[in-house]
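> Next come a sequence and a model predicted from it.
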Amino acid sequence: MSAQADAVPAANVWRPSQARRRWSGWLFYGLAVVSTLMGLVMLGALLFDIFTDGVREVDWHFLSNYPSRIADNAGLRSALLGSLWMLAFTAIIAFPLGVGAAIYLEEYAPDNWLTRFIQLNIANLAGVPSIVYGLLGLGLFVRWLELGRVVLAGSMTMALLILPLIIVASREAIRAVPDSLREGSYALGATRWQMVRQTVLPSAAGGILTGTILALARAIGETAPLITIGALTYVAFDPNGPLDIFTVLPIQIFNWVSLPQKEFHSLAAGGIVVLLVVLLTANSLAVYLRYRMQRRLQ
Amino acid sequence: MLRAAGFGSLAAAAAAVLAACGESPADTQAEAPASAAGPTMVQVTPPDGPISGTILVDGSSTVGPISQAVAEEFQKQFSDVRVPVGVSGTGGGFKKFCAEETDISDASRFIKSGEAAVCDEHGIGYIELPVAIDGIAVVVNQQNDWIGDSITTDELRKLWAPESEGQVMNWSQVREGLPNEPLLLYGPGTDSGTYDYFTKAINGEEGASRGDFTPSEDDNVLVQGVSGDAGAVGFFGIAYYEQNAEVLKALQVDGGAGPVFPTTENILSGKYAPLSRVIFIYVSTVAAERPEVQTFVEFYLKNAANLVGDVGYVPLPAEMYDLALQRFTTRKTGTVSALDGVTDTPNSVLQAWKAGA
């Protein structure tokens, strides 16, 4: 490159400055690394702070006891069970609805203005603040359907909240299935439903499950909609099922943080550790499923 | 590779957590009495045999910890009764209470006439029962050596009056001879009963205050704010001061009868005026028909004196708990605040009761 420049000195239109180009290259590389590290350092600092405060609080006693005014006796059993109950029903409601909508939009819906309008609105719904879903849940499920302030009302609200996320992720996964597979299916005489069930869904399953699990991970960390629909603060019994009153981990953590005694702040850090473990488990499950599904496909 | 291993161990840890939760509750119940070495409670006997059911309590975040403490001890004795406690704020609590959605409402102030009207509309009577006294501490930064040890209510009014907004911005404007230090104000959010009470006591009207202060519903945020700025001043419940006494400086408050520090004795005797107040529970007359609610309220009033100290409040004089229980058993409804001149000091409430309110 430089030899060429030396050989043709007359070419003053194109005068590459090796030093400057290399320098700007390095600068951009540096900026990109700093941007990446920024996120990692923040996450690292957060995890370090939480774990140094909280990890010694987490033991069997902490997981199996109910909240108490005496910090040494306090645990988050009712909140953990409440979160798991709510999560299970959110998944049962949101998964079939979300995947069904995605299949319709990708495989069945005609490409007209109505479909495009629906697609645009689903994208918009994904950006609506969670408190708005809380108010909707309060009006629709708690008051109008007269469910009361129960697990199921919370699950239905959360399902609404994460439905757009599941639909968007599932559509991406379905769209990524190559058309050659669909055509192969048709060539063998499959109906559209057989093609979807036996060709598209198995190929897209990894992506759909990943999207669903990440959406559920978001649901387990949400507080605002549940406070709005009236999940309780102090619960010292196990929820009996979907129609029972409940509390969840983020609310229990919030309650402990707002108490004056310092010991409860450590308990809150312990609660965050438990919440993080549940979240990271969900995420690692998503990674594992995607890995397995992809391997099977190959 | 490293990443995969990390996920694997996390997953294993989480699986252990989940498996642990699935274990039968019998194990944990057997373990509970050994670890709970709390104080002995006054026992109560249900009116007609064993009780069960759910008692819904909701309302003030100030009273919440007391109700939670009582509920905790109550459920140890009566394991078939479930007492969940919500924290929706005093106003939010009354909304649910008067719509018959809850049985007992926690309140850090008297019921307002507007709220009482909604209760009347739904045919819900309410029995007003004081359960403890809460003092509001006025705190400054520890580096603040110019203010001295005390502040008068007139000076507090200068600090917080609606007219001071954008005007009183320096300590030198609060009292003659103070340095020209910038003023930073911290206080509870406008939804809290503490804010309502402070503005009434200092500025004469509930909710009347300057708007240019830093509000937070979380008192720990206020603690951090005041301990971080040399010119800061704030107010919140004394429990939050006592837990953070090493980083804050509480002021003696002079309401006209000399400066008084917010100690337990001064709050109980009523000397720490006007910044101490009685806090309440309101029991619905509909709920009061149920034996489990009757037992719970009796347990509450008989054990409150024991429990309120644990969560940072001052118990009422013993006489008031007895009289309150009497009012509950005779189903004395209504609020004493409807009478002229009754304030939320223990003495004022006591006198109103004795006068037949």
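Here it is on my side, so go on. In this text the structure is predicted, and so the values were computed from the model without any measurement. Residues are numbered from 1 along each chain as shown, chains lettered A, B, ... in the order given.
> can you list contacts of whichever strand or helix holds residue B:267?
Element membership for residue B:267 (DSSP states H and E) is helix B:264-269. By Cβ atoms under 8 Å, 6 or more residues apart in numbering or on different chains, the surrounding residues in contact with helix B:264-269 are B:133, B:135, B:238, B:260, B:271, B:272, B:276, B:314, B:315, B:317, B:346. Every C-beta, even on glycine, is put in place using the N, C-alpha and C of the backbone.
> Show me which residues of it are buried.
Going by neighbour count (16 or more other Cβ atoms under 10 Å in any protein chain shown), the buried part of helix B:264-269 is B:264, B:266, B:267, B:268.
> Including pLDDT, could those go into JSON lines?
Converted to JSON lines, the buried residues of helix B:264-269 look like this (pLDDT from 0 to 100):
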{"residue": "B:264", "pLDDT": "86"}
{"residue": "B:266", "pLDDT": "88"}
{"residue": "B:267", "pLDDT": "87"}
{"residue": "B:268", "pLDDT": "83"}
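> and which of the contacts of helix B:264-269 is nearest to residue B:218?
Nearest to residue B:218 out of the contacts of helix B:264-269 is residue B:238 (Cβ to Cβ; 16.6 Å).
> So the residue of the stretch 151-298 of chain A found nearest chain B versus residue A:76, what's the distance?
Nearest to chain B, among the residues of the stretch 151-298 of chain A, is residue A:281, at 3.3 Å (Cβ to the nearest Cβ). Per Cβ to Cβ, to the nearest Å, residue A:281 is found 16 Å from residue A:76.
> More neighbours: those two, which one.
Neighbours were counted for residue A:281 and for residue A:76 using other Cβ atoms under 10 Å in any protein chain shown; residue A:76 has more, 29 against 21.
> so what's that one scoring on pLDDT?
Per-residue pLDDT puts residue A:76 at 89.
> same deal with residue B:165?
At residue B:165, pLDDT is 90.
> again, but for residue A:67
Reading off the model, residue A:67 has pLDDT 88.
> picking that back up, after the helix holding residue B:267 comes which helix or strand?
Using DSSP H and E, the helix or strand that follows helix B:264-269 in sequence is strand B:276-284.
> Relative to residue A:124, which of the buried residues of helix B:264-269 is nearest.
For these, the nearest to residue A:124 is residue B:267 (53.6 Å; Cβ to Cβ).
> how near is residue A:123 to residue A:105?
Distance of residue A:123 to residue A:105, given as Cβ to Cβ: 12 Å.
> Close to chain B: what parts of the stretch 151-298 of chain A are there?
A:230, A:232-238, A:245, A:247, A:255, A:257-262, A:265, A:274, A:277-278, A:280-281, A:283-285, A:287-288 (Cβ under 8 Å from any Cβ of the partner chain).
> Got a quick ChimeraX command for the buried subset of those?
Only the buried entries of those go into this ChimeraX selection, using 16+ other Cβ under 10 Å:
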select /A:230,232,233,234,235,236,237,238,245,247,255,257,258,259,260,261,265,274,277,278,280,281,283,284,285,288
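> So which of the residues of the stretch 151-298 of chain A next to chain B are in helices?
Using DSSP state H, A:255, A:257, A:262, A:265, A:274, A:277-278, A:280-281, A:283-285, A:287-288 are the members of those that sit in helices.
> In a markdown table: those residues, plus pLDDT.
Below are those laid out as a markdown table (pLDDT from 0 to 100):
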| residue | pLDDT |
| --- | --- |
| A:255 | 87 |
| A:257 | 87 |
| A:262 | 82 |
| A:265 | 88 |
| A:274 | 91 |
| A:277 | 88 |
| A:278 | 87 |
| A:280 | 86 |
| A:281 | 87 |
| A:283 | 83 |
| A:284 | 87 |
| A:285 | 84 |
| A:287 | 84 |
| A:288 | 87 |
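> Pick out the most distant pair among these.
Maximum pairwise distance in these, criterion Cβ to Cβ, is 39.0 Å, between A:262 and A:288.
> So which helix or strand of chain B has the lowest pLDDT on average?
When each helix and strand of chain B is scored by mean pLDDT, DSSP states H and E, helix B:25-35 comes last, with a mean of 38.
> Would you map out the domains in the chain?
Because you didn't say which chain, this covers chain A. Domain assignment for chain A, taken from automatic domain parsing, gives A:17-57, A:60-297.
> My question was about chain B, not that one.
B:8-133+B:278-354, B:135-269.
> who touches the helix or strand encompassing residue A:227?
Per DSSP H and E, residue A:227 falls inside helix A:224-229. Residues outside helix A:224-229 that contact it (Cβ under 8 Å, 6+ apart): A:86, A:129-131, A:133-135, A:137-138, A:141-142, A:149, A:153-154, A:157-158, A:161, A:248, A:250-251.
> Up against chain A, what does the stretch 201-350 of chain B have?
Residues of the stretch 201-350 of chain B lying near chain A (Cβ under 8 Å from any Cβ): B:217-220, B:237, B:239-240, B:242-244, B:307, B:310-312.
> Just the buried ones among these, please.
The neighbour count (16+ other Cβ under 10 Å) marks B:219, B:220, B:237, B:239, B:240, B:242, B:243, B:244, B:307, B:311, B:312 as buried among these.
> sorry, back to before: name the stretch among the domains of chain A that sits most buried.
domain A:60-297 (a mean of 19; mean count of other Cβ atoms under 10 Å in any protein chain shown).
> From the centre of chain B outward, give me the first residue you hit.
residue B:62 (2.2 Å; Cα atoms, centre = their mean).
> wait, doesn't it sit right on residue B:239?
No. Using Cβ atoms under 8 Å, residue B:62 is not in contact with residue B:239, being 9.0 Å away.
> what's the neighbour count on residue B:137?
Based on other Cβ under 10 Å, the number of other residues close to residue B:137 is 24.
> host element of the nearest residue to residue B:56 once chain neighbours are set aside?
Once flanking residues are discounted, residue B:56 sits nearest to residue B:102: 4.4 Å by Cβ to Cβ, 6 or more residues apart in numbering or on different chains. Counting by DSSP H and E, residue B:102 is held by no secondary-structure element, helix or strand.
> Please report the distance of residue B:102 from residue B:110.
According to Cβ to Cβ, residue B:102 stands 18 Å off from residue B:110.
> what about the helices in the stretch 51-200 of chain B?
B:64-77, B:89-98, B:113-121, B:153-160, B:193-203 (DSSP state H, counting those that start in this stretch).
> what's the answer for the stretch 201-350 of chain B, then?
Using DSSP H, counting those that start in this stretch, helices in the stretch 201-350 of chain B cover B:219-228, B:238-242, B:264-269, B:291-307, B:318-329, B:346-354.
> Of all these, which one is nearest residue A:61?
Across the helices of the stretch 201-350 of chain B, residue A:61 has its closest neighbour in helix B:291-307 (22.4 Å, Cβ to Cβ).
> got the contact list for the residue nearest to residue B:56?
So residue B:102 contacts B:56, B:57, B:58, B:59, B:86, B:93, B:96, B:284 (Cβ under 8 Å, 6+ apart).
> Tell me how many other residues crowd the residue lying closest to residue B:126 once chain neighbours are set aside.
Among residues not flanking residue B:126 along the chain, residue B:282 sits closest, at 4.5 Å (Cβ to Cβ, 6+ apart). A total of 29 residues lie near residue B:282 under the criterion other Cβ under 10 Å.
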